[in-house]
Each structure stands twice: as structure tokens, then as C-alpha cells.
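**Student:** Could you look at this predicted model? Sequence included:
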Amino acid sequence: MANSWDSRGNVRSKIGRDKVRLKTARGRTNSSARWLQRQLNDPYVAEARRLGYRSRAAFKFKELDEKYDLLKGAKRVVDLGCAPGGWAQVMVERLGTKAEIIGIDLQEVEPIQGVELLVMDFEKPESEELLMQKLTGKANIVVSDMANAATGHKQTDHIKTMTLCEMALNFAIRVLAEDGKFVAKVLQGGSDKELLHRMNTYFKKVRHAKPPASRKESTEWYVVAEGFRARKE
């Protein structure tokens, strides 16, 4: 289901919003009860189940693609931090199985027709080299939804997430074709100044976006960089 963005960045959708109340929280911790209540009342969760997406996160990528035409003309795509596979499902849905789509994650991901899935740690140097070997040519888009497990310490989580974003950017610079695109998860406050400067050096346009499917209380945002231009640092 296609969603649009209103002036406040909220989603316009026909997804149902009838609330479900838990009959009892017996045997559950307060945090698990809140999580379950949120899941039961999350229209994206229900819609993802109805459409066969592996997670509600698929809608984040759908909405970003609808707004920025991320996949337009893409022949090769790299999906970093692809588990459980929701973003890759949308890629296949919109590009078909003729496009080259490679996904990588620490966790094993159930097979997706049209996607080559690799289980490896992107933080290890050999992972980048293997991905380079797997690509049959320059990539048109590199996306990263990578994130470390939250520690609860805001500054620590920010540093870890930005480190992953920087690694993803370094990889994108190596593999992107001219006018390629890069999308990566960041935390509230956007990118660090140095990282943002590098993006502006290599891309014609850099923006921050919070897709409607991203929960309002979440601190996650995405940086969307378009128009890759190769330059020496």
C-alpha cells in the first residue's frame, strides 16, 4: 500500500488504527507488556503481516523510495544490515529478479528469491573485499540499516551507530557508480559534522529524513545522499 507524507511528516494511509487492549499482563514484565501492547496497536505490524513482509521496517524503505526514487534505474544494490529481509523484499518487488541485489548481516536470513544473502560481520576488513568480489560492476545504491544493540546510554549508542554509518559510507565510496545513491541510519541529531562534510564532498545532495513508518518516539533518522561523484580525498 502506497503511503504519502503530509506537511508534518505524518503518513496518510488507509491502514486500520483500531486499538487492542491486553486482557492481562500476568507473567509479563512491564516493559514486555508495553512492547506487546505497542505491537498489537501498530498498524504497520498488521499491514506487514498481511502483505507478507518480514518486518514493519519494510515500510520505512518503501516510504523513502516513494519520496526520493531511490531504486529508479538501479541494476545493482547492496543492503547492509539486511536482517530480517524486509528492505530486500521491497527491492525485489520494485526491481524484479533481474537486478543484482546483495544483502549482508550478522544473522542468517531466510532465503529471498532474487537476493544473494551473506552471513558475515561487516566490521571485519575481509567482508568489504568479499562484497567487492561479489558485485559484477559498480553499485547504483548502497543502503545501511545497520545498528548495534542499544545500551541505553545515548552518547554511546550515537557513537556506535555513527561508526557503522561511516564504515558504510567508506564502502559506498569504493563501489558506487557515478550518480549513485547512499542511505544510512543515524540517530537523532543527524550525522557528525565531519561525516556530513564527507558526504557533501562526494554527493550532490545530502538530506535527513524520518519516514512515517519510523516510530515517533524513536531517535532514528536516515541520511539520504544522491548524485555520487568520485573524488580523491
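**Tutor:** Received, thanks.
**Student:** can you give me the helices for the chain?
**Tutor:** 30-40, 43-51, 57-68, 86-95, 125-134, 154-175, 193-202 (DSSP state H).
**Student:** Including distance to V143, mean neighbour count and mean pLDDT, could those helices go into a markdown table?
**Tutor:** Using the backbone N, CA and C atoms, a C-beta is placed for each residue, glycine as well. As requested, the helices of the chain are exported to a markdown table (distance: least, Cβ to Cβ, whole Å; neighbours: other Cβ atoms under 10 Å; pLDDT from 0 to 100):
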| stretch | distance to V143 | mean neighbour count | mean pLDDT |
| --- | --- | --- | --- |
| helix 30-40 | 25 | 12 | 47 |
| helix 43-51 | 18 | 17 | 90 |
| helix 57-68 | 7 | 22 | 96 |
| helix 86-95 | 7 | 22 | 97 |
| helix 125-134 | 13 | 13 | 92 |
| helix 154-175 | 8 | 18 | 90 |
| helix 193-202 | 14 | 15 | 92 |
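**Student:** With distance to L118 added, can I get the ones you listed in a markdown table?
**Tutor:** Compiled in a markdown table, the helices of the chain are given as follows (distance: least, Cβ to Cβ, whole Å):
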| stretch | distance to L118 |
| --- | --- |
| helix 30-40 | 29 |
| helix 43-51 | 24 |
| helix 57-68 | 19 |
| helix 86-95 | 12 |
| helix 125-134 | 7 |
| helix 154-175 | 13 |
| helix 193-202 | 25 |
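**Student:** for the ones you listed, which one sits closest to K75?
**Tutor:** Shortest distance between K75 and the helices of the chain, using Cβ to Cβ, is found for helix 86-95: 8.3 Å.
**Student:** got the contact list for the closest one?
**Tutor:** Identification of contacts with helix 86-95 by Cβ atoms under 8 Å, 6 or more residues apart in numbering yields 48, 52-58, 60-62, 65, 71, 74, 77, 79, 82, 99, 101, 103, 109, 112-115, 117, 143, 145.
**Student:** List the residues that contact V77.
**Tutor:** Listed by Cβ under 8 Å, 6+ apart, the contact set of V77 reads L71, M91, L95, A99, E100, I101, I102, A139, N140, I141, V142, V143.
**Student:** The first one: neighbouring residues, count only.
**Tutor:** Using other Cβ atoms under 10 Å, the number of residues around L71 comes to 20.
**Student:** Check the last one too.
**Tutor:** Close neighbours of V143, defined as other Cβ under 10 Å, add up to 30.
**Student:** what bridges to it?
**Tutor:** Beta-bridge pairing for V143 (DSSP bridges): D79, V183.
**Student:** how far away is it from D42?
**Tutor:** Counting by Cβ to Cβ, to the nearest Å, the separation of V143 from D42 is 23 Å.
**Student:** Quick check, K181 in contact with I141.
**Tutor:** Yes - the pair K181 / I141 is scored as a contact, 4.4 Å apart, by Cβ atoms under 8 Å.
**Student:** Can you work out which residues contact both of these two?
**Tutor:** By Cβ under 8 Å, 6+ apart, K181 and I141 have these common neighbours: L70.
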